[in-house]
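Colleague: here's my sequence, what's the structure:
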Amino acid sequence: MVFYISILLTGVFIIWGIFFTDSLSAIVNPLFKGSVNYFGWLYLSSALIFVIFSIYLLVSKYGDIRLGKETDKPEFKTVSWLSMLFGAGMGIGIVFWSVAEPVTHYANPPSGKGFTEAAANLAMEYTFFHWGIHPWAIYTVIGLALAFFQFNKNLPASVSSAFYPLLKEKIYGPIGKTIDIFSVIATVFGIATSLGLGAMQISGGLNYFFKIPNTVNVQIVVILISTILFLISISTGLEKGIQYLSNTAMFLSILMLSLVLIVGSTSEIFRVFFNTLVGYLGNFMEMSLRLRPFGDNSWIGNWTIYYWAWWIAWAPFVGMFIARISKGRTIKEFVLGVLFVPSLGTFAWLSIFGGQALHLIHTLGHKELVEKITSNVDLSVFTFFDYLPASSILSVVGFAVMIIYYVTVADTSTFVLGMLSERGNLNPSNTVKITWGVIQSLVAVVLLLAGGLQVLQTASITASLPFAIIMVIMCWSFFKELKNEAKEQKIPTPKEKIS
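Modeller: Down below sits the predicted model:
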């Protein structure tokens, strides 16, 4: 039922987006602006709740609970596990925004004047903030809850299973099915827009390297070729296709980061990392709840709240995938691996790319880079490489990383949609996975042709508002069941262990 109703509703919405784009825009855009203006506090507070809840689980007695049986061992090696969850959680976006966002904030900071030392520091702090602990905490709570109910309570691998302590058998009825259908549609819309936007970025790279025109037709060809690649990958299974792609992407990413660190201003990059980390942690609470009740909140709405809404929109897909690959790990290992390790890796990435870009602009005086980068985000990383030694090698590696992350995200999302559509089957059939893979690509293609890609992206982000509330309720449901689990296993508190 979830499969067919999801396809039906997706089809109706897509037809609306193709043939009645203006009508959809007239409804979606005011809804999005209203959610930002009137419910910005909800996005900010819920994201902070997820951070606090994740850290609490790490230090509490529940940290020793294993996801699965006590005898279960992790299915994947730690390096592969981290590579897969990082590729699903951030993917291609960080390749571009690690340069474009700090430079944009440097020119137009949330407070104070642009093009100053204070603006450069603030730009890096907010980039850490937008890509750091908060988004990974969103993925942590949903992924952990889904994994616990799948592997410890033997419930289906579906979002509705996380509400069993509150709904009981109703998760198998209309309420549970509605939650799962909502999760499937949110995933399809989020991935379809990502495929479309990713195709635009790859097309920009092709234009940069080979002077191929950056047109809609080229973008469609990119989607079609990528579809063939990830359909081949998903047919080989999780243990081969996605794992190999993720490991390759991680290897090339580390190579690219190392090259920039070596050929760039190494000492400056380290200073940026530590200075920004101190500033970020020192201003953590202020940034987490920053709203101006008597002032203009447009910057916060366009950046922070927009990001939180986007991460929440991606949460069903990313959380489900991380849950699937995390059986056998303890809650403590899960939180460390999903919340803190990727955050530190992200901070290093942002410092190397964003810190070096700001060093070129602010310290070395290449002010023209600001206009070049902000005017064409799709080419921002390649524009940045042009100002470094070994730019050709860096560009080739960067383009390869971009393509692999693009295919990986499509691959993992198709796998998750297969799970959701087959009543939580941890190894969905190739038929269902291929069906969803083709649907995702077709949606991206028709929206590119119809010019409705931006509208669908806004719609998916708007839909994240009710899902933020659903996730807060999920935390309550998860905590309620954790207490029962601790009683059954007679797990002592940290204080009791010491005594």
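
Colleague: quick check: next helix or strand after the strand or helix carrying S45?
Modeller: In the assignment (DSSP states H and E), S45 maps to helix 21-59. Next in sequence after helix 21-59, counting helices and strands by DSSP H and E, comes helix 78-89.

Colleague: low pLDDT regions in the stretch 301-450 of the chain?
Modeller: 450 (pLDDT under 70).

Colleague: hmm, 80 instead?
Modeller: 420-425, 443, 446-450 (pLDDT under 80).

Colleague: and the helix holding S45, which residues are buried?
Modeller: Residues 21, 24-25, 28, 32, 35-36, 39-40, 42-44, 46-51, 53-55, 57-58 are the ones in helix 21-59 that count as buried (16 or more other CB atoms under 10 Å). Every C-beta, even on glycine, is put in place using the N, C-alpha and C of the backbone.

Colleague: same question, stretch 263-279
Modeller: Result for stretch 263-279 [16+ other CB under 10 Å]: buried residues V263, G264, S265, E268, I269, V272, F273, T276, L277, G279.

Colleague: of these, closest to W131?
Modeller: Using CB to CB, T276 comes nearest to W131 of the buried residues of stretch 263-279, at 11.8 Å.

Colleague: would you agree the closest one is in contact with E125?
Modeller: Yes: contact criterion CB atoms under 8 Å: T276 and E125 qualify, at 5.7 Å.

Colleague: distance check, V341 against G282.
Modeller: Per CB to CB, to the nearest Å, V341 is found 22 Å from G282.

Colleague: same question but for R423, I mixed them up
Modeller: For R423, the distance to G282 - CB to CB - is 47 Å.

Colleague: what about the two, which has more around it?
Modeller: Neighbour count, other CB atoms under 10 Å: between R423 and G282, R423 has more, with 15 against 11.

Colleague: nearest residue to the middle of the protein?
Modeller: Nearest to the mean C-alpha position of the chain, by CA atoms, centre = their mean, lies G89 at 3.7 Å.

Colleague: show me what contacts it?
Modeller: P135, W136, Y139, W314, V318, I322, P342 (CB atoms under 8 Å, 6 or more residues apart in numbering).

Colleague: next secondary structure after the strand or helix carrying the last one?
Modeller: Using DSSP H and E, P342 sits in helix 341-350. Proceeding C-terminally, helix 341-350 gives way to helix 356-358 as the next helix or strand, assigned by DSSP H and E.

Colleague: re the thing from before, which secondary structure elements does the helix holding P342 sit against?
Modeller: On a contact count with 3 or more CB pairs under 8 Å, 6 or more residues apart in numbering; DSSP states H and E, helix 341-350 meets helix 78-89, helix 92-107, helix 117-131, helix 133-151, helix 243-263, helix 266-282.

Colleague: excluding chain neighbours, what is closest to L229?
Modeller: Excluding the flanking residues, the one nearest L229 by CB to CB, 6 or more residues apart in numbering is V407, at 5.1 Å.

Colleague: correct me, but the one you found touches I234?
Modeller: No: the criterion here is CB under 8 Å, and V407 misses it with I234 at 10.1 Å.

Colleague: and the two? Which one has more around it.
Modeller: V407 (26 against 23).

Colleague: after the host helix or strand of that one, next one along is what?
Modeller: Using DSSP H and E, V407 maps to helix 391-421. Per DSSP H and E, helix 391-421 leads on to helix 430-450 as the next helix or strand towards the C-terminus.

Colleague: which stretches in the stretch 151-300 of the chain count as helices?
Modeller: Assignment of helices within the stretch 151-300 of the chain using DSSP state H, counting those that start in this stretch yields the ranges 164-167, 174-210, 216-235, 243-263, 266-282, 284-288, 298-300.

Colleague: so the fifth one versus helix 117-131, what angle?
Modeller: Here helix 266-282 runs at an angle of 70 degrees relative to helix 117-131 (axes from the mean of the first three to the mean of the last three CA atoms, to 10 degrees).

Colleague: and helix 266-282, C-alpha only, in CSV?
Modeller: In CSV, the C-alpha atoms belonging to helix 266-282 read as follows (Å, rounded to 0.1, in the frame of the first residue of the first chain):
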residue,chain,number,x,y,z
THR,A,266,49.2,25.2,5.6
SER,A,267,49.9,27.2,8.8
GLU,A,268,47.1,29.6,8.0
ILE,A,269,44.7,26.7,7.5
PHE,A,270,45.6,25.2,10.9
ARG,A,271,45.0,28.6,12.5
VAL,A,272,41.6,28.9,10.8
PHE,A,273,40.6,25.5,12.1
PHE,A,274,41.5,26.1,15.8
ASN,A,275,40.4,29.7,15.9
THR,A,276,37.0,28.9,14.2
LEU,A,277,36.5,25.8,16.4
VAL,A,278,37.0,27.9,19.6
GLY,A,279,34.7,30.7,18.3
TYR,A,280,32.0,28.1,17.1
LEU,A,281,31.9,26.4,20.5
GLY,A,282,32.0,29.6,22.4
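
Colleague: counting contacts, what elements does that helix pack onto?
Modeller: Helices and strands touching helix 266-282, by 3+ CB pairs under 8 Å, 6+ apart, are helix 117-131, helix 341-350, helix 356-358.

Colleague: just the pLDDT for E496.
Modeller: Listed pLDDT for E496 reads 60.

Colleague: related to what we said a few turns ago, which of the helices of the stretch 151-300 of the chain sits closest to K73?
Modeller: Set against K73 and scored by CB to CB, those come closest in helix 243-263, at 16.3 Å.

Colleague: what does that closest one contact?
Modeller: Contacts of helix 243-263 (CB under 8 Å, 6+ apart): 76, 79-80, 82-84, 86-87, 233, 269, 348-349, 352-353, 356, 388-390, 393-394, 397-398, 400-401, 404-405, 407-408, 411.

Colleague: try 7 Å this time
Modeller: With contact meaning CB atoms under 7 Å, 6 or more residues apart in numbering, helix 243-263 is reached by 76, 80, 83-84, 86-87, 233, 269, 349, 352-353, 356, 388-390, 393-394, 397-398, 400-401, 404-405, 407-408, 411.

Colleague: how about stretch 106-113?
Modeller: 114-115, 118-120, 122-123, 126, 299, 358, 361, 370, 374.

Colleague: only the buried residues of that stretch, if you could.
Modeller: Y106, A107, N108, P109, P110.

Colleague: closest one to F3 out of the residues you listed, please.
Modeller: P110 (43.7 Å).

Colleague: the closest one: what secondary structure?
Modeller: coil (DSSP: H, G, I helix; E, B strand; the rest coil).

Colleague: any idea how far it is from Y406?
Modeller: For P110, the distance to Y406 equals 31 Å [CB to CB].

Colleague: kindly report the same for N154.
Modeller: 35 Å.
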